[in-house]
Structure formats: C-alpha cells, structure tokens
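S.K.: One predicted model, sequence on top.
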Amino acid sequence: MLKKVYGSAVFGVEATTITVEVNVDSGIGYHLVGLPDNAIKESNYRIAAALQNNGYKIPGKKLTINMAPADLRKEGSAYDLTLAIGILAASKQIKAEHLERYLIMGELSLDGSLQPIKGALPIAIKAREEGFKGFILPVQNVKEAAIVGDLEVYGVNTIKQVIDYFDKGEALERTIINTRDEFYKSLDFPEYDFSDVKGQEGIKRCMEIAAAGGHNIILIGPPGAGKTMLAKRLPSILPPMTLHEALETTKIHSVVGRVKEDTGLMSQRPFRSPHHTISDVALVGGGAFPQPGEISLSHNGVLFLDELPEFKRGVLEVLRQPLEDREVTISRAKFTVTYPSSFMLVASMNPSPSGYFNDPDAPVATSPAEMQRYLGKISGPLLDRIDIHIEVTPVPFDKLSNSVNGESSVEIRKRVTQARAIQTERFKDSESVHYNAQMHTKYIRNHCTLDDASKQLLKAAMERLNLSARAYDRILKVARTIADLEGVEAINGTHISEAIQYRSLDREGWLG
C-alpha cells in the first residue's frame with residue numbers, strides 16, 4: 001500500500017515542500033531513497049524504538065520510502081515524525097484520513113517524545129502558501145510557527161499524540177497567536193542604556209547620527225575608553241523594528257534554531273559580537289550545507305567587531321561586498337542561496353599595538369613602523385565603506401565620579417526615529433533605499449545638493465586629506481543625516497564641517 005506524507009526542507013531562508021512516499025510490499029527490506037543525509041538514514045533506528053515503546057512497530061515487509069523531489073539533498077533529523085507516521089499509515093496500523101492536508105515535522109527520541117526542529121517559521125509560511133490545512137510540529141517550536149496566520153498550528157510533545165489524532169480523532173490543542181499584539185507588547189528596551197555612560201558627549205552625538213542614518217561607524221581609542229560600552233548601547237537608540245523587519249529577522253534566526261521557545265517573534269534588533277578568531281565562512285555564511293553567518297544573523301541590527309585589526313585580513317575582506325549589496329549569495333555546484341544582510345557595522349580598535357597613540361604619558365611607546373604595520377591590517381576599501389571614524393578619549397575622573405545620569409536612550413531614540421521618518425518619506429518610492437546610508441549615486445545627487453560655500457569647504461577637505469570618491473559620498477550621506485536630525489532640508493557648511501570631522505583615519509598623522 002502506498003501513502004504520502006508531507007514534510008519540508010529549508011534552503012537559504014526559504015522552504016521547499018518534500019513529499020514522503022511510503023510503499024509497503026511483500027518481501028523484506030528497508031529502502032530509503034531521495035538523497036537523504038546520514039541523519040535521515042539513521043532515522044530507522046530512532047523510529048523503530050519510538051514505535052515499539054508506544055505499542056507499534058515497523059512492519060516486517062519490504063518498505064520503500066522516497067523523498068521527492070529525489071534530486072534535492074535532504075538533511076537533518078526533522079523528518080523522523082514524517083517518516084514514522086507514513087510507515088504507520090502505509091502499513092494500516094493507523095487510519096490515514098486527511099493525512100495529505102497536514103505538514104508534519106519533528107525529531108524523535110527513543111521514547112517517542114519530540115525534539116525541536118530548525119526553520120519552523122519558513123516551513124509554516126510555505127505550508128500556508130501551498131494550501132495545507134495544518135502544521136504539526138514539536139511544542140518547542142509552536143509559537144514560532146503560529147506567527148503565520150490562516151494555518152492551523154499544533155504543538156505536540158510525543159508521537160502518541162499525533163497517532164491518536166489521526167487514528168482515534170483525539171483533538172490536538174491549536175496554538176493561536178495575534179502577531180501584532182505579540183509584537184507590540186514586547187517592544188521594550190534592552191538592558192543597556194546611554195544614561196549609564198558618563199561623559200563622552202561627542203561620541204554619543206556620533207552614535208546618534210550613525211543610528212539616524214544607518215551609518216557604519218568605527219571607534220578608535222585606548223583601552224578602557226568605553227568603546228565596547230558605547231557599542232553595546234547602540235541598539236537601544238535604533239528605531240523599533242517594523243513588523244515586516246521582525247518577521248524577516250525571525251525567519252533567519254529560525255533557520256539556525258536560535259528563536260527562543262517563549263518568544264514567537266523577535267522584536268529586539270539583533271546585536272552580534274563575534275570573536276576575532278572567527279573564520280570567513282562563519283562570518284559570511286556557507287558550509288557544505290549553507291547556513292547563515294554572523295552578518296546575516298545581524299540583519300536589521302548591529303554587527304560589532306571588537307579589536308578590528310585582530311581579525312584576519314581575509315575575514316574582513318569578505319565584508320566588503322555585503323556592506324555594499326546588503327545581501328550575501330553563496331554558490332555551490334548544484335544550488336545557490338541568498339541571505340539578507342542589511343546590518344549596521346560597528347567596529348572598535350586601539351589606535352596602535354600598545355593601545356596608546358601620540359600620548360607622551362603612555363606606558364608603552366609605539367614606533368611609526370609598528371603603527372603602519374598595525375593599521376595596514378585594515379584595507380583602505382573596507383575603511384571607505386565605514387561612514388564615520390571617531391576617536392574615543394578616556395573619561396576624566398570628575399566626570400566618572402559625577403552622580404548625574406546622562407541623557408537616556410529613550411530621549412535619543414525619539415530624535416533618531418523622527419530623522420528616520422523623514423528618510424522614510426524621502427525614499428517612499430524606492431524599493432532598495434530606506435535610509436541615508438543606503439543611498440547610491442543617483443539619490444546622493446538628488447538629495448545632497450550643496451551651496452557654493454559648502455562645495456569649496458568639501459573640495460579643500462578632499463584635497464588636503466586625499467579622500468577617495470567613496471569617502472566623498474560618505475561625507476555627503478552623513479551631512480544629509482545631520483541635516484535630518486535638525487529637521488532642515490538644505491545641507492549647509494556646518495553639516496559638511498561636522499561630517500568631515502568624522503573621518504579620523506583619513507587625517508594626517510595616523511601613519512607616522
């Protein structure tokens with residue numbers, strides 16, 4: 001007897017429906033075909049034990065199981081439940097009415113209990129698109145999948161619940177989540193707040209500009225100046241995620257199984273801080289079966305690279321294309337996957353190997369040759385893609401000991417959100433540009449017009465600092481954001497002057 005059960009495979013951040021065809025015939029044997037990986041091939045041992053421990057068995061006949069489409073590689077242990085229900089239905093151990101209306105996924109333990117799966121959200125989205133009535137999956141993933149409306153989502157703890165649902169008609173508890181209510185209810189602020197930062201008013205101003213325009217920023221300063229502390233507080237002043245951004249972000253984290261059980265929808269912007277020993281594949285994504293890397297996990301959020309020169313140069317160079325295109329394409333012989341990677345890059349570094357630069361009181365001196373070798377680890381093209389370079393100086397004792405709190409993240413976030421609203425209106429007709437940092441040449445020419453005095457000021461800076469054409473564009477983008485924070489349409493000389501100041505690494509003296 002032949003029975004069909006439906007599961008799903010995730011490639012990139014999209015799901016593909018897999019038809020599991022189970023045929024029971026006379027003879028003996030267990031044949032699993034359709035390009036399964038080792039985890040799926042081993043599933044028969046888990047299925048046999050789980051069925052036996054729940055009063056069922058794999059029939060002593062010839063079993064042929066095909067996972068269609070047969071030329072598509074399947075991986076992971078999430079097909080255990082799909083295969084087990086297919087075997088029981090095909091061998092007539094359970095009734096199989098309406099089986100084709102459900103998508104079933106889950107990893108089996110030997111006692112029949114279910115372990116969580118990866119990619120529940122994209123699978124649920126695909127199930128709704130293809131007209132399935134319901135989605136049965138482990139209870140640990142149920143909130144994640146229930147985000148998708150117009151789909152009956154059932155979370156189960158054991159295979160016995162699924163068997164009783166189809167065989168005896170015993171009801172399963174459907175999970176219903178009001179996505180909008182769930183999203184807006186959890187729009188609180190992170191634990192880190194700018195009111196904790198003593199002094200550093202100029203750096204806070206830089207962070208506000210970076211957040212308002214989505215600009216990449218690098219913080220340069222000696223140890224203990226507060227670079228990491230400031231970077232961790234940047235997400236607290238970014239505008240709240242839209243519902244679309246939250247769904248997009250949750251989808252990526254779902255693929256790698258990083259969505260918390262008690263949270264269906266991610267409402268906080270991600271903050272990723274990989275260690276400097278990370279490989280280029282771990283950063284950008286990839287592998288034999290491609291998975292999102294750190295830059296995709298920080299999509300719609302912040303990627304923080306602490307001690308930037310300590311990262312391998314090859315690792316940093318792979319950032320160049322994603323910073324421009326805001327997506328990563330990973331190609332293999334048989335398929336290509338694309339992950340979104342629209343993130344804010346925040347980097348920090350010491351100004352020299354010793355951590356101190358041009359400081360006569362420094363405990364360790366650094367020669368010009370050592371300085372040049374140290375800063376040479378970061379390529380010019382990568383620095384050109386970072387809009388704001390700013391020096392962070394140590395906070396004096398009188399400010400550190402001051403009991404008065406600084407401006408809170410809530411207040412700064414209000415100004416940032418207002419500036420972003422101006423940009424949203426400005427770029428409302430564009431599909432690819434949403435804020436100033438994303439502007440390309442056409443938009444810069446239309447929205448960053450300068451008067452004669454500003455042009456002369458920028459020309460002098462370009463000639464003196466020997467800036468590239470890309471750095472010229474960066475200055476105009478930052479000036480546009482400064483003007484937006486002030487709520488004015490025209491960029492003036494004051495905005496240009498401030499934007500030029502935020503190109504510290506372009507100034508003379510950094511290389512001896």
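M.R.: Great, that's in hand.

S.K.: switch to C-alpha atoms for all contacts and neighbour counts from now on
M.R.: Will do.

S.K.: Residue ranges in the stretch 151-300 of the chain under the pLDDT threshold?
M.R.: 182-190 (pLDDT under 70).

S.K.: residue ranges of the helices in it, please?
M.R.: Listed in chain order, the helices of the stretch 151-300 of the chain (DSSP state H, counting those that start in this stretch) span residues 159-167, 179-185, 201-213, 227-232, 243-255, 280-284, 294-297.

S.K.: and residue 312, which of these is closest to it?
M.R.: Relative to residue 312, the nearest member of the helices of the stretch 151-300 of the chain by Cα to Cα is helix 280-284, separated by 8.6 Å.

S.K.: can you list the domain ranges for this protein.
M.R.: In terms of domains, the chain is parsed into 2-177, 192-361+388-394, 430-512 (source: automatic domain parsing).

S.K.: thinking again about what came up before, deepest of the helices of the stretch 151-300 of the chain, which one?
M.R.: Mean neighbour count (mean count of other Cα atoms under 10 Å) peaks for helix 294-297 among those, with a mean of 27.

S.K.: counting contacts, what elements does that helix pack onto?
M.R.: Other elements packing on helix 294-297 under the criterion 3 or more Cα pairs under 8 Å, 6 or more residues apart in numbering; DSSP states H and E are helix 243-255, helix 280-284, strand 285-286.

S.K.: Does anything pack onto the last one? Which helices or strands?
M.R.: This means strand 285-286. Of the remaining helices and strands, those touching strand 285-286 by 3+ Cα pairs under 8 Å, 6+ apart are strand 291-292, helix 294-297.

S.K.: Kindly recompute the last result at 7 Å.
M.R.: Counting contacts by 3 or more Cα pairs under 7 Å, 6 or more residues apart in numbering; DSSP states H and E, strand 285-286 is packed against strand 291-292.

S.K.: Same check on the second one?
M.R.: With contacts defined as 3+ Cα pairs under 7 Å, 6+ apart, the secondary structure elements packing on helix 280-284 are helix 294-297.

S.K.: what sits up against the helix it packs on?
M.R.: Helix 294-297 is touched from outside by 252-253, 272, 282-284, 303, 339-341, with contacts defined as Cα atoms under 7 Å, 6 or more residues apart in numbering.

S.K.: related to what we said a few turns ago, can you lay out the helices and strands packed on helix 294-297 as CSV showing distance to residue 310?
M.R.: Rendered in CSV, the data for the helices and strands packed on helix 294-297 read as follows (distance: least, Cα to Cα, whole Å):
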stretch, distance to residue 310
helix 243-255, 27
helix 280-284, 14
strand 285-286, 20
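
S.K.: For residue 484, which of the ones you listed is the nearest?
M.R.: Closest to residue 484 of those is helix 243-255 (Cα to Cα; 22.7 Å).

S.K.: So what touches that closest one?
M.R.: With Cα under 7 Å, 6+ apart as the contact definition, helix 243-255 has outside contacts at 13, 118-122, 259, 265-267, 297, 299-300.

S.K.: please redo it, this time with the cut-off set to 8 Å
M.R.: 10, 12-13, 118-122, 144, 180, 183, 259, 265-267, 291-292, 296-297, 299-300 (Cα atoms under 8 Å, 6 or more residues apart in numbering).

S.K.: Noted, bye for now.
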